[in-house]
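[1] sequence plus the predicted model coming up.
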Amino acid sequence: MTLKLYFAPGACSFVPHALLESTGEPFEPEMVKIHKGENYNEEYKALNPRSQVPVLVDDGEAITQIVAIVSHLDRRFPHCNFLPREPLAHSRAMETLAWMNNTVHPTFTHVFMPQKFVGGEQAQAEVKAFNAQLYGQMLGELESIVRKAASDGSAYLGGGHFGPLDAYSLTLLRWGGFAGHDPQGYPALWQHVQKVAALPAVARAMARERLQLNVYKGSAAAA
């Protein structure tokens with residue numbers, strides 16, 4: 001069976017990218033240059049008509065959407081323990097993953113690409129500023145999640161093993177820099193993300209995507 005991941009550097013596709021590197025199994029990484037519109041090519045749209053990343057192709061079958069891909073990888077590589085096995089702990093991890101994906105992530109999209117939601121420069125500036133503030137509050141909630149995991153004695157956000165919550169927390173805090181939030185303003189989260197970034201598998205994914213962990217420049221206007 002063959003695995004192929006279509007990813008865009010710095011996008012949420014970093015989550016399955018880091019997980020795949022962690023499996024130690026071979027896979028084919030395929031970069032999609034969104035800034036060049038490659039996600040709108042007919043070849044790519046045949047895989048995902050929504051023109052989004054990531055797409056995971058497993059033995060010829062294309063799977064889209066972060067939550068679905070993460071669930072598939074967790075089942076595909078059960079020995080990696082990407083998600084907890086105990087039922088309630090598993091549900092709690094999925095609860096946090098869904099929140100990251102359906103609430104925090106779209107809030108950042110309103111900051112980074114306000115033109116998707118409203119026309120006119122003034123309206124876009126207002127949408128961007130409003131959501132940048134909301135995003136900071138959500139990073140504060142993620143800070144609390146990290147602190148609770150540490151107080152519970154968990155090495156990672158899903159328990160004792162690296163998993164999607166850790167990779168997504170890295171992505172979301174990194175995006176915070178583009179939204180005008182200094183990652184060091186969230187000390188527990190920043191420390192956790194640095195630990196995650198130092199894992200060899202995560203470091204390989206970051207190197208392939210050429211990611212800088214701290215992109216903060218002091219203002220959301222830099223996004």
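    That came in fine, so what should we check first? Residues are numbered from 1 along each chain as shown.
[2] could you chop this protein up by domain?
    In terms of domains, the chain is parsed into 3-80, 87-199 (source: automatic domain parsing).
[3] low pLDDT regions in the chain?
    1, 218-223 (pLDDT under 70).
[4] what's the closest non-adjacent residue to Glu21?
    Ala201 (3.9 Å; Cβ to Cβ, 6 or more residues apart in numbering). Every residue, glycine included, has its C-beta placed from N, CA and C.
[5] and that neighbour, how far is that from Gln137?
    In this view, Ala201 and Gln137 are 31 Å apart by Cβ to Cβ, to the nearest Å.
[6] more neighbours, these two?
    Set Ala201 next to Gln137 and count neighbours by other Cβ atoms under 10 Å: Ala201 wins out with 19 against 10.
[7] thinking that one is in contact with His17, fair?
    No: with contacts counted by Cβ atoms under 8 Å, Ala201 stays clear of His17, the gap being 9.7 Å.
[8] tell me how far Glu21 lies from Met113.
    In terms of Cβ to Cβ, Glu21 sits 28 Å off from Met113.
[9] just Leu142 next, same as before
    In terms of Cβ to Cβ, Leu142 sits 21 Å off from Met113.
[10] likewise for Pro106?
    Pro106 is 11 Å from Met113, by Cβ to Cβ.
[11] same thing with Asn48?
    Counting by Cβ to Cβ, the gap from Asn48 to Met113 is 18 Å.
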